[in-house]
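Novice: Okay, predicted coordinates and the sequence, questions at the end:
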Amino acid sequence: MNVSTNTIAFANGKGGVGKSSVAANVAGIAALSGWRVLTVDLDPQGNLGNDLGYTQAGMSDEGAGLMRAIRDGNRLEPLRAVRPNLDAVPGGDDMDGLLAVLAPRLLDQTAPATAIADALTPLADDYDVVLIDCPPAGGVLLEAILIATRFLVIPTKRDLGSLHGLVRVARSFATVRSHDNPNLDVLGVALFDFARQDTRILADTRERLVRNLAGAAPVFETVIRNARKASTDMRRDGLLAFEYEEAASAALRRRVADRGWEQPGRPSPNGYSRTAAGLAEDYQNLTKEILAAFAERSGT
Ligand SMILES: Nc1ncnc2c1ncn2[C@@H]1O[C@H](COP(=O)(O)OP(=O)(O)OP(=O)(O)O)[C@@H](O)[C@H]1O
Ligand SMILES: [Mg+2]
């Protein structure tokens, strides 16, 4: 097995903490900045395909190709150019069988379960960075994924469940690093879905995390703000935050052009959320931090 040095997995043992949203937006911004990016969706929910829009476009194979590659060693053929510079390996219903395929190999103590790494390695060299969206799993499934990645980003919300999920990842991280993948490295923890006004809660969460992590991993400066309506619209329409913000601005310009003025106090321009610009800025800043840490640690 050969773990590609340019892989970053987004993982947390807990569901709904921003793994897919962060992975999709980091992928889109990196690609826009000229990085050659591959996304890999290991989740049966296939949310990455909604966030990037290839599912709505009818292009997802629901993980069939990825499962064949992991199970049978077939060569992976990603979807090409879902954005300029951005290719994607879809996940979806077919990934339901992932644990069943990996379990016998995981139980075989004599060899590490390298099937995911073996599937990705032949492709990874074609890209500057490979971003893996993980299912909300802990235990052996998470460990099998961690065996296949060089880097890890851990998104978390502020609730106790998410923080426990983070502890589960830390445990799997320690196991995998000491056995099968000594180069595994955490790029950082990304705080997700914080209300702007909750500065106290944010400060407390950050402080607690920094203390618990005890220098093992940094907490990124950038916090992804709470933006429920924008994020729901984005996933429905396959738009990343910067694309949604562009669509919102265009809608506003059209309305001002139609009426000659902007009506003050309206909640949103033509149904778009007003948090769009702030959310796009958060993802821009977080991507900058993640890619800087990646470049520094991988020596690119
Ligand atoms: N900035 C945001 N503010 C509030 N909610 C958000 C924000 N961004 C995304 N969401 C919503 O939060 C939920 C969880 O986000 P996401 O799917 O990215 O998390 P996840 O960790 O990948 O979840 P899962 O474990 O189910 O794969 C989704 O319903 C999404 O629409
Ligand atoms: Mg997800």
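Specialist: Here it is on my side, so go on. Ligands and ions are numbered 1, 2, ... in the order given.
Novice: Residue of the chain nearest ligand 2, please.
Specialist: Ser20 (3.2 Å; C-beta to the ion). Quick note: C-beta positions are derived from backbone N, CA and C, even for glycine.
Novice: how deep is that residue tucked in, by neighbour count?
Specialist: 28 (other C-beta atoms under 10 Å).
Novice: got the buried residues for the helix or strand harbouring Ser178?
Specialist: Here Ser178, judged by DSSP states H and E, is contained in helix 160-179. Of the residues in helix 160-179, those buried by neighbour count under the rule 16 or more other C-beta atoms under 10 Å are Ser162, Leu163, Gly165, Leu166, Arg168, Val169, Ala170, Ser172, Phe173, Val176, Arg177.
Novice: ok so, going back, pull the contacting residues for the residue of the chain closest to ligand 2.
Specialist: Phe10, Asp41, Asp43, Gln45, Asn47, Leu48, Asp51, Asp133 (C-beta atoms under 8 Å, 6 or more residues apart in numbering).
Novice: just checking, which of these belong to helices?
Specialist: By the criterion of DSSP state H, membership of these in helices covers Asn47, Leu48, Asp51.
Novice: Identify, from these, the entry nearest to Thr149.
Specialist: Distance to Thr149 across those (C-beta to C-beta) is lowest for Leu48, with 15.6 Å.
Novice: In this structure the closest one contacts Ala23, no?
Specialist: Yes - the pair Leu48 / Ala23 is scored as a contact, 6.2 Å apart, by C-beta atoms under 8 Å.
Novice: Pull up the overlap in contacts between the two.
Specialist: Thr39, Asp133.
Novice: Point out the residues in the stretch 201-300 of the chain that sit beside ligand 2.
Specialist: Near ligand 2, no residue belonging to the stretch 201-300 of the chain is found when assessed by C-beta under 5 Å from the ion.
Novice: so where do the helices sit in the stretch 201-300 of the chain?
Specialist: 228-237, 241-259, 276-298 (DSSP state H, counting those that start in this stretch).
Novice: go on, the stretch 51-200 of the chain?
Specialist: Going by DSSP H, counting those that start in this stretch, the stretch 51-200 of the chain shows helices at 64-72, 98-107, 115-124, 139-146, 160-179, 199-213.
Novice: for the fourth one, which positions count as buried?
Specialist: Yep, that's helix 139-146 we're talking about. Quick answer for helix 139-146 (16+ other C-beta under 10 Å): Val140, Leu141, Leu142, Glu143, Ala144, Ile145, Leu146.
Novice: Same question for the third one.
Specialist: Within helix 115-124, the residues that qualify as buried are Ala115, Ile116, Ala117, Ala119, Leu120, Thr121, Leu123, Ala124, counting by 16+ other C-beta under 10 Å.
Novice: what helices or strands is it leaning on?
Specialist: With contacts taken as 3 or more C-beta pairs under 8 Å, 6 or more residues apart in numbering; DSSP states H and E, helix 115-124 sits against strand 37-41, helix 64-72, helix 98-107, strand 129-133, helix 139-146.
Novice: out of these, nearest to Ala292?
Specialist: Nearest of the helices and strands packed on helix 115-124 (C-beta to C-beta): strand 129-133, 12.4 Å.
Novice: what mean pLDDT does that closest one have?
Specialist: In this model, strand 129-133 carries a mean pLDDT of 98.
Novice: if we can go back for a sec, mind checking how far the residue of the chain closest to ligand 2 is from Thr121?
Specialist: 23 Å (C-beta to C-beta, to the nearest Å).
Novice: And the furthest pair within the contacts of Ser20?
Specialist: Phe10 and Gln45 (13.5 Å).
Novice: Which one of the two is surrounded by more residues?
Specialist: Phe10 (27 against 18).
Novice: quick one: contacts for that one?
Specialist: Lys19, Ser20, Val22, Ala23, Leu131, Ile132, Asp133, Cys134, Leu152, Val153, Ile154, Pro155 are the contacts of Phe10 under C-beta under 8 Å, 6+ apart.
Novice: Would you confirm that the last one contacts Ala190?
Specialist: Yes - with contact defined as C-beta under 8 Å, Pro155 reaches Ala190; the gap is 4.5 Å.
Novice: what is in contact with these two at once?
Specialist: In contact with both Pro155 and Ala190: Gly18, Val22, Ile224, using C-beta under 8 Å, 6+ apart.
Novice: That'll do, ta.
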